[in-house]
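[1] give the three-dimensional model of this entry:
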Amino acid sequence: MTDSVPAANRAAEPAAWLTLPDVAERLDVPISKVHQMIRDRELIAVRRDGIRRVPEDLLANGALKHLPGVLNLLADAGYDDEESLRWLYQPDDTLPGGTAAAALAGDQAREIKRRAQALGF
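    Residues are numbered from 1 along each chain as shown. Okay, here's the model as predicted:
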């Protein structure tokens with residue numbers, strides 16, 4: 001069976017979420033450090049079911065290394081956290097892994113930063 005919803009219209013959401021205490025445990029840092037990382041745009045958190053959550057895959061495979069640069073470029077382009085999340089998870093067949101978030105963990109991080117930077121123009 002094929003997906004009848006075009007890629008451009010599919011909901012852009014990560015497969016799994018972590019709560020902030022789970023993020024702190026995963027990174028082995030105090031919860032206050034996680035809050036600081038969110039404030040400094042080193043990490044993205046959005047409310048789901050009334051609880052701030054972080055996409056789990058952004059903490060894996062080196063994606064966290066490149067995420068702050070991308071989040072700052074998106075903020076400079078006027079994107080809020082929800083819009084940034086949608087941009088990161090919007091299906092894109094031209095990227096390995098199919099989304100900007102997945103490509104951040106690979107060798108396409110520079111391309112993702114270039115695309116985010118282009119949004120400001």
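[2] below-threshold pLDDT in the chain: ranges please.
    1-11 (pLDDT under 70).
[3] state which strand of it is the longest.
    strand 51-55 (DSSP state E).
[4] got the contact list for whichever helix or strand comes after that one?
    Proceeding N to C from strand 51-55, the next assigned helix or strand is helix 63-76, under DSSP states H and E. Helix 63-76 is contacted from outside by 40-44, 57-58, 83-84, 87-88, 100-101, 104-105, 109, 112-113, 116-117, 119-120, using C-beta atoms under 8 Å, 6 or more residues apart in numbering. The way it works is simple: take the backbone N, C-alpha and C, and place the C-beta from them, glycine included.
[5] rerun that using 6 Å as the cut-off
    Under the criterion C-beta atoms under 6 Å, 6 or more residues apart in numbering, residues 41-42, 44, 58, 84, 104-105, 109, 112-113, 116-117, 120 lie in contact with helix 63-76.
[6] in a markdown table: these, plus distance to residue 33, secondary structure and neighbour count.
    As requested, the contacts of helix 63-76 are exported to a markdown table (distance: C-beta to C-beta, whole Å; DSSP: H, G, I helix; E, B strand; the rest coil; neighbours: other C-beta atoms under 10 Å):
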| residue | distance to residue 33 | secondary structure | neighbour count |
| --- | --- | --- | --- |
| 41 | 14 | coil | 18 |
| 42 | 10 | coil | 16 |
| 44 | 15 | coil | 22 |
| 58 | 16 | helix | 23 |
| 84 | 21 | helix | 22 |
| 104 | 21 | helix | 26 |
| 105 | 22 | coil | 21 |
| 109 | 23 | helix | 19 |
| 112 | 25 | helix | 26 |
| 113 | 24 | helix | 17 |
| 116 | 25 | helix | 23 |
| 117 | 28 | helix | 16 |
| 120 | 29 | coil | 12 |
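[7] now these as a markdown table including distance to residue 32?
    As requested, those are exported to a markdown table (distance: C-beta to C-beta, whole Å):
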| residue | distance to residue 32 |
| --- | --- |
| 41 | 17 |
| 42 | 14 |
| 44 | 18 |
| 58 | 20 |
| 84 | 23 |
| 104 | 25 |
| 105 | 26 |
| 109 | 28 |
| 112 | 29 |
| 113 | 28 |
| 116 | 28 |
| 117 | 31 |
| 120 | 31 |
